[in-house]
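Chemist: generate a structure from the sequence data that follows.
(one chain, ligands or ions: 1)
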Amino acid sequence: MLIDYRSDTMTKPTKAMLEAMMNAAVGDDVFGEDPSINQLENLAAAMFGMEAAVFCASGTMTNQVAIKCHTQPGDEVICDEGAHVYQYEAGGIAFNSGASVKLLAGDRGRITAEQVKSSINPDDNHKAHTSLVCLENTSNRGGGSCYDFQEIKKIEGVCREQNLRLHLDGARLFNALVEKNETPKQYGETFDSVSVCLSKSLGCPVGSLLLGKKDFIKKARRVRKVFGGGMRQAGFLAAAGIYALQNNVDRLKEDHCHARQIASALEKKSFVKTILPVETNIIIFALDYPVTAPELVDKLKQKNILGYAISPDRVRLVLHLDITKEMVERTIEAIGKL
Ligand SMILES: Cc1ncc(COP(=O)(O)O)c(C=O)c1O
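Modeler: Next comes the predicted model:
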(Lines give C-alpha, C1' and ligand atoms only; values in the text may rest on other atoms or scores of the structure.)
Protein backbone atom coordinates (compact mmCIF):
# COMPACT_ATOMS: atom_id res chain seq x y z
CA MET A 1 0.00 0.00 0.00
CA LEU A 2 1.53 3.31 -1.12
CA ILE A 3 0.53 6.26 1.07
CA ASP A 4 1.07 9.48 -0.83
CA TYR A 5 1.18 12.68 1.22
CA ARG A 6 3.17 14.72 -1.32
CA SER A 7 0.19 16.85 -2.32
CA ASP A 8 -3.60 16.91 -2.33
CA THR A 9 -3.33 17.04 -6.13
CA MET A 10 -2.46 13.32 -6.10
CA THR A 11 -6.07 12.11 -5.83
CA LYS A 12 -7.55 9.87 -8.51
CA PRO A 13 -11.24 10.11 -9.42
CA THR A 14 -13.46 7.70 -7.49
CA LYS A 15 -15.79 5.26 -9.25
CA ALA A 16 -18.77 7.50 -8.52
CA MET A 17 -16.97 10.55 -9.90
CA LEU A 18 -15.94 8.63 -13.02
CA GLU A 19 -19.53 7.54 -13.51
CA ALA A 20 -20.70 11.15 -13.31
CA MET A 21 -18.05 12.06 -15.89
CA MET A 22 -19.02 9.24 -18.25
CA ASN A 23 -22.65 10.32 -18.15
CA ALA A 24 -21.97 14.03 -18.75
CA ALA A 25 -23.85 15.90 -21.45
CA VAL A 26 -21.29 17.86 -23.47
CA GLY A 27 -21.05 20.48 -26.22
CA ASP A 28 -18.60 23.09 -27.52
CA ASP A 29 -17.83 25.40 -24.61
CA VAL A 30 -16.17 28.06 -26.78
CA PHE A 31 -19.67 28.42 -28.27
CA GLY A 32 -21.09 28.40 -24.71
CA GLU A 33 -22.85 25.13 -25.56
CA ASP A 34 -21.50 22.68 -23.01
CA PRO A 35 -24.42 22.00 -20.65
CA SER A 36 -22.24 20.47 -17.93
CA ILE A 37 -19.82 23.40 -17.88
CA ASN A 38 -22.73 25.84 -17.81
CA GLN A 39 -24.26 23.87 -14.93
CA LEU A 40 -20.99 23.86 -12.97
CA GLU A 41 -20.43 27.59 -13.50
CA ASN A 42 -24.00 28.39 -12.45
CA LEU A 43 -23.79 26.10 -9.43
CA ALA A 44 -20.55 27.72 -8.23
CA ALA A 45 -21.82 31.26 -8.85
CA ALA A 46 -24.99 30.49 -6.85
CA MET A 47 -22.95 28.93 -4.00
CA PHE A 48 -20.83 32.07 -3.69
CA GLY A 49 -23.68 34.48 -4.40
CA MET A 50 -21.58 35.89 -7.24
CA GLU A 51 -22.88 36.87 -10.66
CA ALA A 52 -20.88 34.49 -12.85
CA ALA A 53 -18.07 31.95 -13.09
CA VAL A 54 -15.70 30.58 -15.71
CA PHE A 55 -14.23 27.07 -15.69
CA CYS A 56 -10.48 26.89 -16.36
CA ALA A 57 -7.80 24.23 -16.62
CA SER A 58 -5.91 25.11 -13.44
CA GLY A 59 -5.61 27.31 -10.38
CA THR A 60 -2.64 29.01 -11.98
CA MET A 61 -4.83 29.93 -14.92
CA THR A 62 -7.70 31.31 -12.80
CA ASN A 63 -5.25 33.39 -10.74
CA GLN A 64 -3.37 34.68 -13.76
CA VAL A 65 -6.54 35.46 -15.72
CA ALA A 66 -7.86 37.38 -12.69
CA ILE A 67 -4.63 39.37 -12.27
CA LYS A 68 -4.60 40.21 -15.99
CA CYS A 69 -8.21 41.41 -15.83
CA HIS A 70 -7.65 43.54 -12.71
CA THR A 71 -4.41 45.28 -13.74
CA GLN A 72 -2.73 47.33 -16.47
CA PRO A 73 0.97 46.89 -17.40
CA GLY A 74 3.06 48.89 -14.92
CA ASP A 75 0.62 48.42 -12.06
CA GLU A 76 1.64 46.88 -8.74
CA VAL A 77 0.08 43.88 -6.99
CA ILE A 78 0.28 43.47 -3.20
CA CYS A 79 0.58 39.94 -1.76
CA ASP A 80 2.33 37.89 0.91
CA GLU A 81 5.95 36.96 0.15
CA GLY A 82 5.04 33.25 0.07
CA ALA A 83 1.93 33.67 -2.10
CA HIS A 84 1.42 31.05 -4.80
CA VAL A 85 0.70 33.80 -7.35
CA TYR A 86 4.24 35.09 -6.80
CA GLN A 87 6.26 31.99 -5.84
CA TYR A 88 4.86 29.24 -8.00
CA GLU A 89 3.25 30.68 -11.11
CA ALA A 90 6.43 30.93 -13.15
CA GLY A 91 6.71 34.72 -12.96
CA GLY A 92 3.24 34.94 -14.50
CA ILE A 93 2.42 38.33 -12.96
CA ALA A 94 5.32 39.88 -14.89
CA PHE A 95 4.96 37.67 -17.96
CA ASN A 96 1.20 37.91 -18.47
CA SER A 97 0.31 41.24 -16.92
CA GLY A 98 3.53 43.28 -17.00
CA ALA A 99 2.87 44.18 -13.37
CA SER A 100 5.28 44.48 -10.47
CA VAL A 101 4.71 42.96 -7.04
CA LYS A 102 5.00 44.33 -3.52
CA LEU A 103 5.73 41.45 -1.18
CA LEU A 104 4.68 41.63 2.45
CA ALA A 105 6.04 39.53 5.32
CA GLY A 106 2.83 37.96 6.58
CA ASP A 107 2.16 35.57 9.42
CA ARG A 108 2.19 32.10 7.83
CA GLY A 109 0.94 33.55 4.56
CA ARG A 110 -1.59 35.94 6.07
CA ILE A 111 -1.18 39.69 5.67
CA THR A 112 -3.01 42.40 7.63
CA ALA A 113 -5.05 45.45 6.69
CA GLU A 114 -2.38 47.64 8.34
CA GLN A 115 0.34 46.10 6.18
CA VAL A 116 -1.75 46.55 3.04
CA LYS A 117 -2.53 50.17 3.90
CA SER A 118 1.11 51.08 4.43
CA SER A 119 2.18 49.36 1.19
CA ILE A 120 -0.02 51.30 -1.21
CA ASN A 121 2.14 53.55 -3.35
CA PRO A 122 1.43 57.29 -3.23
CA ASP A 123 0.05 59.01 -6.32
CA ASP A 124 3.53 59.91 -7.56
CA ASN A 125 4.92 59.63 -11.11
CA HIS A 126 7.94 57.72 -9.83
CA LYS A 127 5.84 54.95 -8.39
CA ALA A 128 3.98 51.99 -9.85
CA HIS A 129 0.22 52.32 -9.57
CA THR A 130 -1.03 49.95 -6.84
CA SER A 131 -4.21 48.38 -8.17
CA LEU A 132 -4.69 44.89 -6.73
CA VAL A 133 -4.39 42.93 -3.49
CA CYS A 134 -4.21 39.12 -3.66
CA LEU A 135 -4.93 37.01 -0.58
CA GLU A 136 -4.52 33.22 -0.28
CA ASN A 137 -6.83 31.16 1.95
CA THR A 138 -5.78 28.65 3.07
CA SER A 139 -2.11 29.49 2.65
CA ASN A 140 -0.07 26.68 1.10
CA ARG A 141 3.36 27.89 2.29
CA GLY A 142 1.78 28.86 5.60
CA GLY A 143 1.00 25.17 6.23
CA GLY A 144 -2.72 25.40 5.48
CA SER A 145 -3.25 28.42 7.75
CA CYS A 146 -6.64 30.15 7.63
CA TYR A 147 -7.38 33.86 7.69
CA ASP A 148 -9.45 35.39 10.44
CA PHE A 149 -12.45 36.61 8.44
CA GLN A 150 -12.54 39.88 10.40
CA GLU A 151 -9.05 40.69 9.07
CA ILE A 152 -10.23 39.96 5.53
CA LYS A 153 -13.10 42.42 6.06
CA LYS A 154 -10.60 45.04 7.26
CA ILE A 155 -8.48 44.45 4.15
CA GLU A 156 -11.62 44.79 2.04
CA GLY A 157 -12.27 48.13 3.78
CA VAL A 158 -8.80 49.40 2.85
CA CYS A 159 -9.26 48.23 -0.75
CA ARG A 160 -12.63 49.96 -1.11
CA GLU A 161 -11.31 53.18 0.45
CA GLN A 162 -8.22 53.20 -1.79
CA ASN A 163 -9.97 51.96 -4.95
CA LEU A 164 -8.00 48.71 -5.14
CA ARG A 165 -9.38 45.40 -6.40
CA LEU A 166 -9.30 42.36 -4.10
CA HIS A 167 -8.65 38.83 -5.46
CA LEU A 168 -8.71 35.58 -3.49
CA ASP A 169 -6.54 32.61 -4.39
CA GLY A 170 -8.91 30.12 -2.82
CA ALA A 171 -7.22 27.00 -4.18
CA ARG A 172 -8.07 25.41 -0.80
CA LEU A 173 -10.86 27.74 0.27
CA PHE A 174 -13.20 24.85 1.06
CA ASN A 175 -10.73 23.58 3.67
CA ALA A 176 -10.95 26.97 5.40
CA LEU A 177 -14.76 27.09 5.08
CA VAL A 178 -15.35 23.74 6.77
CA GLU A 179 -12.75 24.38 9.45
CA LYS A 180 -13.96 27.85 10.39
CA ASN A 181 -17.67 27.29 9.77
CA GLU A 182 -17.71 30.03 7.16
CA THR A 183 -19.82 30.18 4.02
CA PRO A 184 -18.90 30.70 0.36
CA LYS A 185 -21.32 33.66 0.31
CA GLN A 186 -19.24 35.55 2.91
CA TYR A 187 -16.34 35.38 0.46
CA GLY A 188 -18.50 36.14 -2.58
CA GLU A 189 -19.69 39.36 -0.91
CA THR A 190 -16.17 40.46 -0.03
CA PHE A 191 -13.89 39.78 -2.98
CA ASP A 192 -13.96 41.17 -6.51
CA SER A 193 -12.84 37.76 -7.73
CA VAL A 194 -12.41 34.33 -6.21
CA SER A 195 -10.46 31.38 -7.61
CA VAL A 196 -11.26 27.91 -6.27
CA CYS A 197 -9.58 24.64 -7.23
CA LEU A 198 -11.51 21.44 -7.84
CA SER A 199 -8.39 19.35 -8.39
CA LYS A 200 -6.94 19.55 -4.88
CA SER A 201 -8.69 18.08 -1.86
CA LEU A 202 -12.02 18.03 -3.71
CA GLY A 203 -10.69 15.13 -5.76
CA CYS A 204 -11.19 16.17 -9.41
CA PRO A 205 -8.61 15.29 -12.05
CA VAL A 206 -8.61 18.82 -13.53
CA GLY A 207 -10.20 22.19 -13.04
CA SER A 208 -10.58 25.49 -11.26
CA LEU A 209 -13.27 28.12 -11.23
CA LEU A 210 -12.94 31.88 -11.35
CA LEU A 211 -15.89 33.81 -9.96
CA GLY A 212 -16.82 37.48 -10.16
CA LYS A 213 -19.23 40.03 -11.60
CA LYS A 214 -20.74 39.39 -15.06
CA ASP A 215 -18.61 41.97 -16.90
CA PHE A 216 -15.45 40.73 -15.13
CA ILE A 217 -16.14 37.12 -16.14
CA LYS A 218 -16.88 38.24 -19.72
CA LYS A 219 -13.42 39.82 -19.81
CA ALA A 220 -11.94 36.73 -18.10
CA ARG A 221 -13.32 34.47 -20.86
CA ARG A 222 -11.53 36.60 -23.43
CA VAL A 223 -8.26 36.47 -21.45
CA ARG A 224 -8.65 32.70 -20.98
CA LYS A 225 -8.92 32.43 -24.78
CA VAL A 226 -5.78 34.55 -25.29
CA PHE A 227 -3.97 32.28 -22.81
CA GLY A 228 -5.00 29.30 -24.96
CA GLY A 229 -7.43 28.06 -22.36
CA GLY A 230 -10.65 27.89 -24.38
CA MET A 231 -12.07 24.39 -24.08
CA ARG A 232 -14.46 22.36 -26.18
CA GLN A 233 -16.27 19.26 -24.81
CA ALA A 234 -14.77 19.72 -21.35
CA GLY A 235 -18.12 18.94 -19.76
CA PHE A 236 -16.67 15.55 -18.84
CA LEU A 237 -14.35 17.46 -16.49
CA ALA A 238 -17.06 19.82 -15.32
CA ALA A 239 -19.20 16.82 -14.33
CA ALA A 240 -16.39 15.80 -11.96
CA GLY A 241 -16.51 19.33 -10.53
CA ILE A 242 -20.27 19.18 -9.97
CA TYR A 243 -19.88 15.82 -8.28
CA ALA A 244 -17.08 17.18 -6.06
CA LEU A 245 -19.00 20.27 -4.96
CA GLN A 246 -22.00 18.11 -4.10
CA ASN A 247 -20.18 15.25 -2.38
CA ASN A 248 -16.62 16.05 -1.34
CA VAL A 249 -16.81 19.24 0.71
CA ASP A 250 -18.03 18.11 4.14
CA ARG A 251 -15.56 15.23 4.29
CA LEU A 252 -12.60 17.68 4.31
CA LYS A 253 -12.97 17.72 8.11
CA GLU A 254 -11.71 14.11 8.14
CA ASP A 255 -8.50 15.22 6.42
CA HIS A 256 -8.02 17.94 9.03
CA CYS A 257 -8.57 15.46 11.84
CA HIS A 258 -6.06 13.02 10.25
CA ALA A 259 -3.52 15.84 9.87
CA ARG A 260 -3.77 16.66 13.59
CA GLN A 261 -3.34 12.98 14.51
CA ILE A 262 -0.19 12.66 12.41
CA ALA A 263 1.17 15.95 13.79
CA SER A 264 0.78 14.73 17.35
CA ALA A 265 2.72 11.56 16.46
CA LEU A 266 5.47 13.74 14.98
CA GLU A 267 5.54 15.99 18.05
CA LYS A 268 6.81 13.07 20.11
CA LYS A 269 9.88 12.51 17.94
CA SER A 270 13.18 14.00 19.04
CA PHE A 271 14.29 14.70 15.44
CA VAL A 272 11.30 17.02 14.89
CA LYS A 273 12.28 20.57 15.84
CA THR A 274 9.04 22.44 15.17
CA ILE A 275 5.67 21.87 13.51
CA LEU A 276 3.63 24.72 12.04
CA PRO A 277 0.24 24.82 13.78
CA VAL A 278 -1.98 22.36 11.90
CA GLU A 279 -5.18 24.20 10.97
CA THR A 280 -6.38 22.21 7.96
CA ASN A 281 -4.94 19.42 5.77
CA ILE A 282 -1.27 20.45 5.55
CA ILE A 283 1.54 19.52 7.97
CA ILE A 284 4.87 21.33 7.66
CA PHE A 285 7.58 20.40 10.12
CA ALA A 286 11.24 21.28 10.59
CA LEU A 287 13.93 18.79 11.54
CA ASP A 288 16.72 19.04 14.06
CA TYR A 289 20.24 18.88 12.61
CA PRO A 290 21.81 16.47 11.57
CA VAL A 291 18.60 14.83 10.22
CA THR A 292 17.78 16.36 6.83
CA ALA A 293 14.47 16.52 5.00
CA PRO A 294 15.62 14.39 2.02
CA GLU A 295 16.91 11.75 4.47
CA LEU A 296 13.64 11.59 6.36
CA VAL A 297 11.61 11.53 3.13
CA ASP A 298 13.78 8.62 2.01
CA LYS A 299 13.24 6.73 5.27
CA LEU A 300 9.50 7.20 4.97
CA LYS A 301 9.63 6.05 1.35
CA GLN A 302 11.17 2.78 2.47
CA LYS A 303 7.95 2.31 4.45
CA ASN A 304 5.83 3.17 1.37
CA ILE A 305 4.99 6.61 2.73
CA LEU A 306 5.63 9.55 0.43
CA GLY A 307 6.31 13.07 1.74
CA TYR A 308 7.84 16.15 0.19
CA ALA A 309 11.10 17.86 1.24
CA ILE A 310 10.19 21.53 0.75
CA SER A 311 13.62 22.72 1.91
CA PRO A 312 16.79 21.05 3.25
CA ASP A 313 15.29 20.90 6.75
CA ARG A 314 11.51 20.99 6.23
CA VAL A 315 9.05 18.30 5.19
CA ARG A 316 5.45 18.70 4.05
CA LEU A 317 2.69 16.10 4.34
CA VAL A 318 -0.73 16.80 2.83
CA LEU A 319 -3.93 14.92 3.65
CA HIS A 320 -6.55 14.28 0.99
CA LEU A 321 -9.42 12.14 -0.30
CA ASP A 322 -7.26 9.13 -1.13
CA ILE A 323 -5.78 8.84 2.38
CA THR A 324 -7.88 6.47 4.48
CA LYS A 325 -8.12 6.07 8.26
CA GLU A 326 -6.16 2.82 7.92
CA MET A 327 -3.37 4.61 6.04
CA VAL A 328 -3.20 7.25 8.78
CA GLU A 329 -2.95 4.53 11.44
CA ARG A 330 -0.13 2.85 9.51
CA THR A 331 1.65 6.18 9.17
CA ILE A 332 1.41 6.90 12.88
CA GLU A 333 2.78 3.43 13.62
CA ALA A 334 5.64 3.97 11.16
CA ILE A 335 6.47 7.38 12.66
CA GLY A 336 6.55 5.78 16.11
CA LYS A 337 9.22 3.36 14.89
CA LEU A 338 11.47 5.98 13.26
C1 LIG B 1 -2.49 28.18 -3.06
C2 LIG B 1 -2.42 27.67 -4.47
N3 LIG B 1 -2.89 28.44 -5.46
C4 LIG B 1 -2.87 28.04 -6.73
C5 LIG B 1 -2.39 26.80 -7.08
C6 LIG B 1 -2.32 26.43 -8.53
O7 LIG B 1 -3.09 25.38 -8.90
P8 LIG B 1 -2.75 24.51 -10.20
O9 LIG B 1 -1.74 23.52 -9.78
O10 LIG B 1 -4.08 23.92 -10.54
O11 LIG B 1 -2.26 25.45 -11.25
C12 LIG B 1 -1.89 25.95 -6.09
C13 LIG B 1 -1.35 24.63 -6.44
O14 LIG B 1 -0.87 23.88 -5.63
C15 LIG B 1 -1.91 26.40 -4.74
O16 LIG B 1 -1.42 25.64 -3.75
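Chemist: for this protein, give me the ranges with low pLDDT.
Modeler: Within the chain, no range satisfies pLDDT under 70.
Chemist: any residues touching the helix or strand that Glu114 is a member of, and which ones?
Modeler: Using DSSP states H and E, Glu114 sits within helix 113-117. Residues outside helix 113-117 that contact it (C-beta atoms under 8 Å, 6 or more residues apart in numbering): 78, 104, 106, 133, 151, 154-155, 157-159, 162. Using the backbone N, CA and C atoms, a C-beta is placed for each residue, glycine as well.
Chemist: and the stretch 151-300 of the chain, which residues reach the ligand?
Modeler: Contact residues (C-beta under 6 Å from any ligand atom) of the stretch 151-300 of the chain with the ligand: 169, 171, 197, 199, 208.
Chemist: just want the phi and psi numbers for whatever residue of the stretch 101-250 of the chain ends up closest to the ligand.
Modeler: Going by C-beta to the nearest ligand atom, the ligand is nearest to Ala171 of the stretch 101-250 of the chain, at 3.4 Å. Phi and psi for Ala171, reported as degrees, to the nearest 10, are phi -50, psi -40.
Chemist: now do it against Val196, distance only.
Modeler: Distance, Ala171 to Val196, by C-beta to C-beta, to the nearest Å: 7 Å.
Chemist: which neighbours do these two have in common?
Modeler: Here Ala171 and Val196 share the contacting residues Ser208, scored by C-beta under 8 Å, 6+ apart.
Chemist: so the closest residue in space to Asp288 that isn't next to it in sequence is in which element?
Modeler: Distances taken as C-beta to C-beta, 6 or more residues apart in numbering place Lys273 nearest to Asp288, at 4.4 Å, with adjacent residues excluded. Using DSSP H and E, Lys273 sits in strand 272-275.
Chemist: and that strand, how far out from the chain middle?
Modeler: Distance of strand 272-275 from its chain centroid, counting by C-alpha atoms, centre = their mean, to the nearest Å, is 25 Å.
Chemist: give me the helices and strands touching that strand, please.
Modeler: If you count contacts as 3 or more C-beta pairs under 8 Å, 6 or more residues apart in numbering; DSSP states H and E, strand 272-275 packs onto helix 252-267, strand 282-287.
Chemist: pull out the buried residues from the longest one.
Modeler: For helix 252-267, the buried set under the neighbour-count rule, 16 or more other C-beta atoms under 10 Å, comprises 252, 254-256, 258-259, 261-263, 265-266.
Chemist: adding distance to Asp124 as columns, could you present these in JSON lines?
Modeler: Shown next, in JSON lines, are these (distance: C-beta to C-beta, whole Å):
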{"residue": "Leu252", "distance to Asp124": "45"}
{"residue": "Glu254", "distance to Asp124": "52"}
{"residue": "Asp255", "distance to Asp124": "47"}
{"residue": "His256", "distance to Asp124": "46"}
{"residue": "His258", "distance to Asp124": "51"}
{"residue": "Ala259", "distance to Asp124": "46"}
{"residue": "Gln261", "distance to Asp124": "53"}
{"residue": "Ile262", "distance to Asp124": "50"}
{"residue": "Ala263", "distance to Asp124": "47"}
{"residue": "Ala265", "distance to Asp124": "54"}
{"residue": "Leu266", "distance to Asp124": "49"}
